[in-house]
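Q: Sharing a sequence plus its predicted fold:
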Amino acid sequence: MYKDFKDDTWDKFHEAAAGKKIYVWGSGQRGREIARVHRLFSSPWKIAAFIDRKAEEGMELEGHPVISPQQFQSEQDSHAVVLISTDRPGKIAQELENMGVKNYFSYYWFMQSMHDSCYQPRMNQEALEQVETLLDDTLSKNLLHCLVEKRKSGFMDYTDLTMDGPEYFRNEFFSPKEDEIFVDGGGFSGDTVEEFILWTGGQYQKIYTFEPDPRMADMIRQKAAHWHDVQVVEKGLWNEKIEQKFVLDNNVYSSRICEFGGGATIQCVPLDDVLCGKPCTFLKMDIEGAEIPALLGAHRTIVDHKPDLAICLYHKPSDLWEIPLLLHKWVPEYHFAIRHFGVRYFSTVLFAWY
């Protein structure tokens, strides 16, 4: 395990780097930014080189050599300091640890204005062991272990787990069916609908997108003028027809149901009541902690039609085990996998297919 970057500060970096050689890992956008700052402000840093996997002989950046990780390892100075400039420092940190390098820092995390973390010292180990037995692939099982360890310790950086590619429409689990009927729980700006249409090549039967924020729902309607068979439902998903307090215009809690309110009231409905027995082939939910009530409201649809599922697992701590176990109880035939897409604890997604 590599170190957690949340305790690092510029002061600690300057103290560690005083009088020592500095290697900057990454010669991309942030690496170039560091190089320009170093040149323009006559920084006292002693940059020995930039490290880049695509380094070629004679490459330079602002007068500094660009070397490969292999070259860095071969000429490594045990007193050197490495400043990781990439936006996935966790993967680089693990590589440095394997090289025996301990004195490294992350420029990415220095630049973050808010260090949020998910600290879960108490986990339902028995339930997690059950979830592990349900997972279809080794990558998911390993990922589950890593997620649990990070959450237990409040470890902030998840970039070593971050996957590339689409967040919901993963071809490793799904392939578009003829006449797809897509339900988008948490429509936001319509971005997921756009991804779905691209994924299917526009060959689908129907799209239902649920977005209770009036401004966002209007945005989706404007986009939907260029699509076909898209129904915008300006309501939230729940397990019963009910009015809920809803937070708007709040940087931390916006677009979610909240007990203490937020100046807005929305209508919530069960998906089963909207579909009235009609099929759904793909169901996605990213609804800020309302996933379990919304799933309960979609029970009949899931059991009867067994749609492909992409359900977020990170909004509430217990979702990590409660959601997969609930779905397995309803549809034992489902296959399950987990992938993570965020640089911090957010954006862990459960995939299920029949």
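A: Received the coordinates, thanks. Residues are numbered from 1 along each chain as shown.
Q: In the stretch 101-250 of the chain, mark out all the strands, start to finish.
A: 104-106, 180-185, 204-210, 230-233, 236-237, 242-247 (DSSP state E, counting those that start in this stretch).
Q: Now render the ones you listed as a markdown table, adding mean pLDDT and distance to Leu326.
A: (Each C-beta comes from the backbone N, C-alpha and C, glycine too.) Below are those laid out as a markdown table (pLDDT from 0 to 100; distance: least, C-beta to C-beta, whole Å):
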| stretch | mean pLDDT | distance to Leu326 |
| --- | --- | --- |
| strand 104-106 | 93 | 37 |
| strand 180-185 | 98 | 15 |
| strand 204-210 | 98 | 20 |
| strand 230-233 | 98 | 23 |
| strand 236-237 | 96 | 15 |
| strand 242-247 | 82 | 20 |
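Q: Adding mean neighbour count and distance to Glu149, write the ones you listed out as TSV.
A: As requested, the strands of the stretch 101-250 of the chain are exported to TSV (neighbours: other C-beta atoms under 10 Å; distance: least, C-beta to C-beta, whole Å):
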stretch	mean neighbour count	distance to Glu149
strand 104-106	25	19
strand 180-185	24	29
strand 204-210	22	34
strand 230-233	19	39
strand 236-237	26	32
strand 242-247	17	31
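Q: Go through those and name the closest to Tyr345.
A: Among the strands of the stretch 101-250 of the chain, strand 104-106 comes nearest to Tyr345, with 16.5 Å by C-beta to C-beta.
Q: In JSON lines, list the strands of the stretch 101-250 of the chain along with distance to Lys12.
A: Shown next, in JSON lines, are the strands of the stretch 101-250 of the chain (distance: least, C-beta to C-beta, whole Å):
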{"stretch": "strand 104-106", "distance to Lys12": "8"}
{"stretch": "strand 180-185", "distance to Lys12": "43"}
{"stretch": "strand 204-210", "distance to Lys12": "46"}
{"stretch": "strand 230-233", "distance to Lys12": "49"}
{"stretch": "strand 236-237", "distance to Lys12": "44"}
{"stretch": "strand 242-247", "distance to Lys12": "36"}
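Q: Among these, single out whichever gets nearest to Leu350.
A: strand 180-185 (13.2 Å).
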